[in-house]
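> have a look; sequence and predicted model below, questions after that.
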Amino acid sequence: MESPNKICLLFSPFPDEASAFQCSEYLLNNKLAACVQRTPVLSNYLWNDGTESSEEINLIAKTLPETAALAQQAIRKMHPYEIPLIATQLVTVNEEYLAWMNRMMG
């Protein structure tokens, strides 16, 4: 039996704290997310004909399934990367957390 206590986690690395913070504030102020976390990371990746290394800020936004598409669109619109990653994962959470999210985003 599937649990009804589902939320979406949106994950997207940003090039710097300023752009990640701006996106976080937009998501929160427009009630497209109930919580946004930002964490610095070091990334290595393939680009063009070689490898690159850079510092990034991982953004994780916690949203409801019914607002996930709008939150994804907002991240894409605000993202400075030419080809941003915007990954979405549906996860099960405890009832109290889901109730809090519904109150905050409602």
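Sure thing, it's come through.

> what are the contacting residues of the helix or strand encompassing E96?
Element membership of E96 [criterion: DSSP states H and E] is helix 95-105. If you take CB atoms under 8 Å, 6 or more residues apart in numbering as the criterion, helix 95-105 is touched by N5, K6, I7, K31, A33, A34, C35, K62, T63, L64, T67. (C-beta placed from N, C-alpha, C; glycine too.)

> kindly report the same for stretch 32-44.
Stretch 32-44 has contacts (CB under 8 Å, 6+ apart) with 10, 13-14, 17, 20-21, 23-24, 26-28, 51-64, 67, 70-71, 74, 100-101, 104-105.

> mind listing what's buried in the helix holding E96?
Using 16 or more other CB atoms under 10 Å as the test for burial, helix 95-105 gives L98, M101, M105.

> same list (those residues) but as CSV, adding distance to L85.
Shown next, in CSV, are the buried residues of helix 95-105 (distance: CB to CB, whole Å):
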residue, distance to L85
L98, 26
M101, 24
M105, 24
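
> one step back: tell me which two in the contacts of helix 95-105 are the farthest apart.
Across these, the longest distance by CB to CB is 19.5 Å; it joins N5 and K31.

> helices or strands up against the longest helix seen in the chain?
Taking DSSP state H as the criterion, the chain has its longest helix at helix 17-29. On a contact count with 3 or more CB pairs under 8 Å, 6 or more residues apart in numbering; DSSP states H and E, helix 17-29 meets strand 6-14, strand 35-47, strand 50-63, helix 68-78.

> tell me the most buried of those?
Most buried of the helices and strands packed on helix 17-29 by mean neighbour count (mean count of other CB atoms under 10 Å) is strand 6-14; its value is a mean of 19.

> for the record, mean pLDDT for stretch 42-60?
Stretch 42-60 shows a mean pLDDT of 96.

> endpoint to endpoint, it covers what distance?
Counting by CA to CA, to the nearest Å, you get 16 Å between the two ends of stretch 42-60.

> mind checking how far that stretch is from the chain centre?
17 Å (CA atoms, centre = their mean, to the nearest Å).
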